[in-house]
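S.K.: Return a 3D structure for these sequence lines:
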Amino acid sequence: MDRQQVILETAQRQGRVSVDELAEQFGVSAHTIRRDINALCERSKLRRLHGGAEFIQGTDNLPYGTRRILNVQAKQAIARMVAALIPDGATLAFSIGTTPALVAAALGEHEELTVITNNLNVAMTVSEKRANRVIIPGGELRVPDRDILGQAAREMFAAYRADFGIYGVGGVDDDGSLLDFHEEEVQNRQAIRASARQSILVLDQSKFGRHAAALGGHLRDADHVVIDRLPAAPFHPLLTALGDRLIIAEDEA
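M.R.: Alright, predicted model coming up:
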């Protein structure tokens with residue numbers, strides 16, 4: 001991956017980037033980094049700041065290949081915590097996203113699961129055990145994410161009562177509102193939560209303060225919120241209000 005793409009993805013993830021920090025990260029001069037930032041600003045991808053630049057919010061998520069390896073250890077810790085909540089024989093609804101896919105992988109020792117999902121990565125992982133049952137919707141596969149959105153997916157989730165609904169999110173706004181990059185992602189996530197006996201929101205701390213355009217739901221709507229570690233201090237009151245519904249994976253490490 002070229003340096004400008006990494007700079008852009010870092011800015012999208014963190015909100016802003018520093019020239020000095022990027023120069024140290026890449027082992028190049030500050031002049032070289034400023035030239036990269038200028039090129040990205042000319043393409044309206046970044047906005048210059050003193051000593052760096054900030055990301056200009058758009059409607060697209062990071063590429064799936066980047067998200068799959070981003071914060072993977074944190075996501076795996078979350079996945080192990082969620083797997084410990086799930087008994088054998090449970091019926092599970094899974095959303096799209098890389099963290100739900102890792103939860104599915106963490107269920108490898110579980111028996112006789114019924115999985116309802118529009119996330120083909122989840123479906124393929126769970127299907128490795130013959131005793132599991134997997135239900136997926138029809139429709140067009142979104143690549144490279146390997147998921148299916150649209151009415152068929154929403155109707156599928158509404159037609160089943162899952163014991164647990166496991167869903168991720170694109171970002172969490174300052175007031176605890178949940179954000180995604182497309183309205184259909186929100187609609188499917190909401191359908192999973194509404195039809196599950198218990199809902200489990202899974203997200204690593206980088207999602208707090210991350211912006212996306214489509215709005216729907218709130219942190220407090222979930223029966224369990226599983227995170228890897230506490231995010232920045234401004235979000236602490238929102239998490240404290242969850243009480244014992246908040247599960248922090250690092251606390252169990």
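S.K.: R130 and V226, how far apart?
M.R.: Spatial separation of R130 from V226 under the definition Cβ to Cβ, to the nearest Å is 29 Å. Heads up, the C-betas are built off the backbone N, CA and C, glycines and all.
S.K.: Tell me which stretches of the stretch 51-200 of the chain form helices.
M.R.: Using DSSP state H, counting those that start in this stretch, the helices of the stretch 51-200 of the chain run over 64-69, 72-83, 98-106, 120-126, 151-158, 183-195.
S.K.: which one of those is the most hemmed in?
M.R.: Of all those, helix 98-106 has the most neighbours on average by mean count of other Cβ atoms under 10 Å, namely a mean of 25.
S.K.: Just the CA trace of that helix, in CSV.
M.R.: What follows is helix 98-106, C-alpha atoms only, in CSV (Å, rounded to 0.1, in the frame of the first residue of the first chain):
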residue,chain,number,x,y,z
THR,A,98,-15.1,-7.7,10.8
THR,A,99,-15.7,-7.9,14.6
PRO,A,100,-18.9,-10.0,14.2
ALA,A,101,-16.9,-12.3,11.9
LEU,A,102,-14.2,-12.7,14.6
VAL,A,103,-16.9,-13.6,17.1
ALA,A,104,-18.1,-16.3,14.8
ALA,A,105,-14.5,-17.6,14.6
ALA,A,106,-14.3,-17.6,18.4
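S.K.: And R130 and V226? Which one has more around it.
M.R.: Counted by other Cβ atoms under 10 Å, R130 and V226 do not tie: V226 has more neighbours, with 25 against 6.
S.K.: gap between the more buried one and E140?
M.R.: From V226 to E140 the distance is 31 Å (Cβ to Cβ).
S.K.: need the strands for this structure, in chain order.
M.R.: In the chain, the strands defined using DSSP state E lie at 16-18, 46-49, 52-55, 91-94, 114-117, 133-135, 162-167, 171-172, 177-180, 196-202, 214-218, 224-227, 246-248.
S.K.: nearest to Q73, of those strands?
M.R.: When these are compared by Cβ to Cβ, strand 224-227 sits nearest Q73, at 13.6 Å.
S.K.: Run through who's touching the closest one.
M.R.: 78, 81-82, 85, 198-205, 219, 239, 242, 245-249 (Cβ atoms under 8 Å, 6 or more residues apart in numbering).
S.K.: Return a PyMOL selection command for the buried portion of those.
M.R.: Selection command for PyMOL covering only the buried members of those, criterion 16 or more other Cβ atoms under 10 Å:
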select buried, resi 78+81+82+198+199+200+201+202+203+204+205+219+239+242+245+246+247+248+249
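S.K.: Tell me how far the nearest residue to L107 once chain neighbours are set aside lies from R48.
M.R.: With Cβ to Cβ, 6 or more residues apart in numbering as the criterion, L107 has its nearest non-adjacent residue at 5.3 Å, and that residue is A83. Per Cβ to Cβ, A83 is found 45 Å from R48.
S.K.: Output the below-cut-off pLDDT ranges for the stretch 151-253 of the chain.
M.R.: By pLDDT under 70, the weakly predicted segments of the stretch 151-253 of the chain are 251-253.
S.K.: one more time with 90, if that's ok
M.R.: Filtered on pLDDT under 90, the stretch 151-253 of the chain yields the residue ranges 181-182, 206, 209-213, 232, 250-253.
S.K.: Including distance to Q4, could the helices of the stretch 51-200 of the chain go into CSV?
M.R.: Below are the helices of the stretch 51-200 of the chain laid out as CSV (distance: least, Cβ to Cβ, whole Å):
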stretch, distance to Q4
helix 64-69, 14
helix 72-83, 23
helix 98-106, 24
helix 120-126, 29
helix 151-158, 35
helix 183-195, 27
